[in-house]
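*Asks:* 3D, please:
(2 chains)
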Amino acid sequence: MIAPHLALAVVRLCFDAAAITAYGLSGFIAWIAPKRLGQAIATSSNFLIVAASWLAVLSTLAWLPIEAAMIGESWQSAFDRSTLSAILYDTAIGKAWLVRLALSLLLTAALPWRSASSVRLVLSGCLLASLALTGHADMDEATRGVLHSLNDALHVLAGGAWLGSLLALPGCLARLRDAAFCTEAKTALRRFSSAGHLAVALVIATGIVNTVLVLQRWPTDFTSTYQMLLVAKIACVAGMTGLAVMNRYVFVPRMLTDPDRAIIQIRNGTYAELALGAGVLVLVAFIGILDPA
Amino acid sequence: MKTTTCTLALLSCLLFDGSAWAHAHLRAEAPAADGTVGTAPTILSLTFSEGLEIKLSGVTLKGSDGKAVSTGAPSLSPGDDKLMMVPITGQLGAGVYTVEWHALAKDGHTTHGTYQFTVGH
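*Replies:* Numbers count the residues shown, from 1 in each chain, chains lettered A, B, ... in the order given. Next up is the predicted model:
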């Protein structure tokens, strides 16, 4: 039987992946892609949106008994009524859980409404931002805590937009060769590039603020698992940034001279970025259960 | 240049992570750990590094014979959610006592630990 805190990391990973998938895809469909292309991508990625919405509900449901098991230090506590009700009614994490449950249920309820990408974007955005309710931001007092929570939420939203919208990119690239969608796909790529710069800039700005507020040191102590995972995470995102820069400034210009090859290179770069992004999510989930002190 | 700046900025921003310092660690306690008090205390005070969820935090006080001494419901000091106070309702004779504490921080992380103090000489 795995330890409750490991189960918590797995559930956290599922939740993050689900929320980011729904958020990034909906954002791409609603904001980046012109209308017809958006509809085409919505149809072809519908299975991902359905899976992500249900995974958001299931991972949220699973979180509560796992948290109870962690508090009670045994799986018997997972369904202990007094522990569950104490978490639900007497703790900040319990309130955040109720918010997440409501949001993820709404996300699932909106599924039959295929064209409701903006609604999905808002719901999944709120789901992601709700992570800030239970993150480290709580450790600060009053006003500083509120600012910290806002900064944290913005950070998660920008990072989620970056990673999640990458899921829509291969479909968009493939349609560059489709005469019916070529113009719209080019428009979408231009918008994606602008929005991508903005998202990365936001991640940077909010990240710097977070660093100032939280860590106040470099993760250079490799005897600490926490700091080692942090460094691994930094390496993953540095790699993602490198790939993004290469896609935008090396492969995109090549589309003028050798479009077929350039499209394949950008697609491969995108898959590599997604793989590193998945690595970041795994690391975040495990870093989240570790004690840095 | 742009790339270098971006990468450096990203590197620094990634230091953010979620749970930094968010576990509740015991910072101070009264009676002090490994200390000796002349008269039996009527209250245990434990100061943590983070705010606690008091309904899911608490202590068990045990005498050297391993028997639990009865204690009242833990409460937070008004205005300080990092300070847990537990009234001792049972009788403490001279001897060594062990405090086993468990804490749930506001962000859902759990911690636990033990310390001892001596009543008497």
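
*Asks:* number of residues surrounding residue A:253?
*Replies:* 10 (other C-beta atoms under 10 Å in any protein chain shown). C-beta coordinates here come from the backbone N, C-alpha and C atoms, glycine included.

*Asks:* try residue B:29
*Replies:* Neighbours of residue B:29 using other C-beta under 10 Å come to 19.

*Asks:* name the element residue B:98 belongs to?
*Replies:* For residue B:98, the enclosing helix or strand under DSSP states H and E is strand B:95-104.

*Asks:* now for the next helix or strand after that strand, which elements pack on it?
*Replies:* For strand B:95-104, the succeeding helix or strand toward the C-terminus, using DSSP H and E, is strand B:110-119. Counting contacts by 3 or more C-beta pairs under 8 Å, 6 or more residues apart in numbering or on different chains; DSSP states H and E, strand B:110-119 is packed against strand B:26-30, strand B:36-37, strand B:95-104.

*Asks:* nearest to residue B:43, of the ones you listed?
*Replies:* With respect to residue B:43, and counting by C-beta to C-beta, the nearest of the helices and strands packed on strand B:110-119 is strand B:26-30 at 8.1 Å.

*Asks:* what's next to the closest one, contact-wise?
*Replies:* B:41, B:44-49, B:82, B:99, B:101, B:103, B:111, B:113, B:115 (C-beta atoms under 8 Å, 6 or more residues apart in numbering or on different chains).

*Asks:* tell me where chain A has strands.
*Replies:* Under the criterion DSSP state E, chain A carries no strands.

*Asks:* quick one: least confident helix or strand in it?
*Replies:* Of all helical and strand segments in chain A, the minimum by mean pLDDT, DSSP states H and E falls on helix A:131-134, at a mean of 69.

*Asks:* how many residues are close by residue B:68?
*Replies:* 12.

*Asks:* how about residue A:210?
*Replies:* 26.

*Asks:* give the buried subset of the contacts of strand B:26-30 as a PyMOL selection command.
*Replies:* The buried residues among these can be selected in PyMOL (16 or more other C-beta atoms under 10 Å in any protein chain shown) with this line:
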select buried, chain B and resi 41+44+46+47+48+49+82+99+101+103+111+115
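
*Asks:* as TSV, the contacts of strand B:26-30 with pLDDT would be great.
*Replies:* Below are the contacts of strand B:26-30 laid out as TSV (pLDDT from 0 to 100):
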residue	pLDDT
B:41	94
B:44	96
B:45	96
B:46	97
B:47	96
B:48	94
B:49	89
B:82	92
B:99	96
B:101	96
B:103	94
B:111	91
B:113	94
B:115	96
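
*Asks:* tell me the strands beside the strand holding residue B:98, with direction?
*Replies:* Here strand B:95-104 is paired, per DSSP bridges, with strand B:58-62 (antiparallel), strand B:110-119 (antiparallel).

*Asks:* got the CA positions of stretch A:236-251 in CSV?
*Replies:* Listed next in CSV are the C-alpha coordinates belonging to stretch A:236-251 (Å, rounded to 0.1, in the frame of the first residue of the first chain):
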residue,chain,number,x,y,z
CYS,A,236,13.0,21.3,-17.3
VAL,A,237,11.6,24.8,-17.7
ALA,A,238,14.9,26.2,-19.0
GLY,A,239,14.7,23.4,-21.6
MET,A,240,11.1,24.4,-22.4
THR,A,241,12.2,28.0,-22.9
GLY,A,242,15.1,27.0,-25.1
LEU,A,243,12.7,24.9,-27.3
ALA,A,244,10.2,27.7,-27.5
VAL,A,245,12.8,30.2,-28.5
MET,A,246,14.2,27.8,-31.1
ASN,A,247,10.7,27.2,-32.5
ARG,A,248,9.9,30.8,-32.7
TYR,A,249,13.2,32.3,-33.8
VAL,A,250,14.9,29.4,-35.8
PHE,A,251,12.2,27.2,-37.2
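
*Asks:* buried ones in it?
*Replies:* A:236-248, A:251.

*Asks:* of all the residues you listed, which comes closest to residue A:5?
*Replies:* Of all these, residue A:236 has the smallest distance to residue A:5: 22.4 Å, by C-beta to C-beta.

*Asks:* count the neighbours of residue 117 for me.
*Replies:* No chain specified, so I'll use chain A. Counted with other C-beta under 10 Å, residue A:117 comes out at 24.

*Asks:* oops, chain B please
*Replies:* Neighbours around residue B:117, by other C-beta under 10 Å: 21.

*Asks:* quick one: it from chain A, how far?
*Replies:* According to C-beta to the nearest C-beta, to the nearest Å, residue B:117 and chain A sit 24 Å apart.

*Asks:* residue B:40 is in contact with that residue, correct?
*Replies:* No - using C-beta atoms under 8 Å as the test, residue B:117 is too far from residue B:40 to be in contact (10.6 Å).

*Asks:* what's the neighbour count on residue A:252?
*Replies:* Residue A:252 - counted by other C-beta under 10 Å - has 17 other residues nearby.

*Asks:* that one reaches residue A:266, doesn't it?
*Replies:* Yes - Residue A:252 sits in contact with residue A:266 when judged by C-beta under 8 Å, with a separation of 6.8 Å.

*Asks:* gap between the two ends of stretch B:65-75?
*Replies:* 27 Å (C-alpha to C-alpha, to the nearest Å).

*Asks:* so that stretch, near chain A or not?
*Replies:* No - against chain A, stretch B:65-75 shows no contacts by C-beta under 8 Å from any C-beta of the partner chain, the least distance being 12.3 Å.

*Asks:* what's next to that stretch, contact-wise?
*Replies:* With C-beta under 8 Å, 6+ apart, stretch B:65-75 has contacts from B:44, B:54, B:57-63, B:84-92, B:97.

*Asks:* show the buried residues in those residues.
*Replies:* For the contacts of stretch B:65-75, buried by 16+ other C-beta under 10 Å: B:44, B:54, B:57-59, B:61-63, B:84-86, B:88, B:92, B:97.

*Asks:* identify the farthest-apart pair in those.
*Replies:* B:54 and B:63 (24.9 Å).

*Asks:* just the mean pLDDT for the lengthiest helix in chain A, thanks.
*Replies:* In terms of residue count, the longest helix belonging to chain A (DSSP state H) is helix A:182-213. The pLDDT scores in helix A:182-213 average 86.

*Asks:* packing partners of that helix?
*Replies:* helix A:35-44, helix A:142-166, helix A:169-174, helix A:225-246, helix B:2-13.

*Asks:* let's see that with 6 Å instead.
*Replies:* Packed against helix A:182-213 by the contact rule (3 or more C-beta pairs under 6 Å, 6 or more residues apart in numbering or on different chains; DSSP states H and E) you find helix A:142-166, helix B:2-13.
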